[in-house]
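Chemist: Have a look at this fold, sequence not included:
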């Protein structure tokens, strides 16, 4: 099938399409816009509800992280970083001091 034949067949098929009128296009466009706004507001409402609920639920958790005891130290002084002779990075934890 040549390109010219393809274009002729495509034009022939497009003549059989039932194109919407101008008024139908305007109405369908308005429906799409209104539905988009409705669903945006609907999802925004649930986002607000869940975000507010989560924020209030998090208020009951302890605010000071030092009240939680962790066996793993997060201090940067406790980590020894070195490079050996083969240029590979070695990270080893320093001995725990008590």
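Modeler: Cool, the structure landed. Owing to the predicted nature of the structure, the values given are computational and were not obtained by experimental measurement. Numbers count the residues shown, from 1 in each chain.

Chemist: Helices of this protein, start to end?
Modeler: 3-15, 22-58 (DSSP state H).

Chemist: Adding mean neighbour count, mean pLDDT and distance to residue 64, write the ones you listed out as JSON lines.
Modeler: (C-beta placed from N, C-alpha, C; glycine too.) Below are the helices of the chain laid out as JSON lines (neighbours: other CB atoms under 10 Å; pLDDT from 0 to 100; distance: least, CB to CB, whole Å):
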{"stretch": "helix 3-15", "mean neighbour count": "9", "mean pLDDT": "94", "distance to residue 64": "70"}
{"stretch": "helix 22-58", "mean neighbour count": "10", "mean pLDDT": "96", "distance to residue 64": "14"}
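
Chemist: quick one, phi/psi of residue 16?
Modeler: phi -90, psi -10 (degrees, to the nearest 10).

Chemist: Please give the number of neighbouring residues around it.
Modeler: Neighbourhood size, residue 16 [other CB atoms under 10 Å]: 6.

Chemist: Next one: it from residue 10, what distance?
Modeler: As for residue 16, its distance to residue 10 is 11 Å (criterion: CB to CB, to the nearest Å).

Chemist: likewise residue 56?
Modeler: 59 Å.

Chemist: before we move on, what about residue 43?
Modeler: 40 Å.

Chemist: what do you get for residue 61?
Modeler: 63 Å.

Chemist: Same question for residue 25.
Modeler: For residue 25, the distance to residue 10 - CB to CB - is 22 Å.

Chemist: same question, residue 21
Modeler: 23 Å.

Chemist: Check residue 28 too.
Modeler: 24 Å.

Chemist: now residue 50
Modeler: Residue 50 is 49 Å from residue 10, by CB to CB.

Chemist: got it, and residue 52?
Modeler: Distance, residue 52 to residue 10, using CB to CB: 54 Å.

Chemist: just residue 64 next, same as before
Modeler: From residue 64 to residue 10 the distance is 70 Å (CB to CB).

Chemist: Thank you, goodbye.
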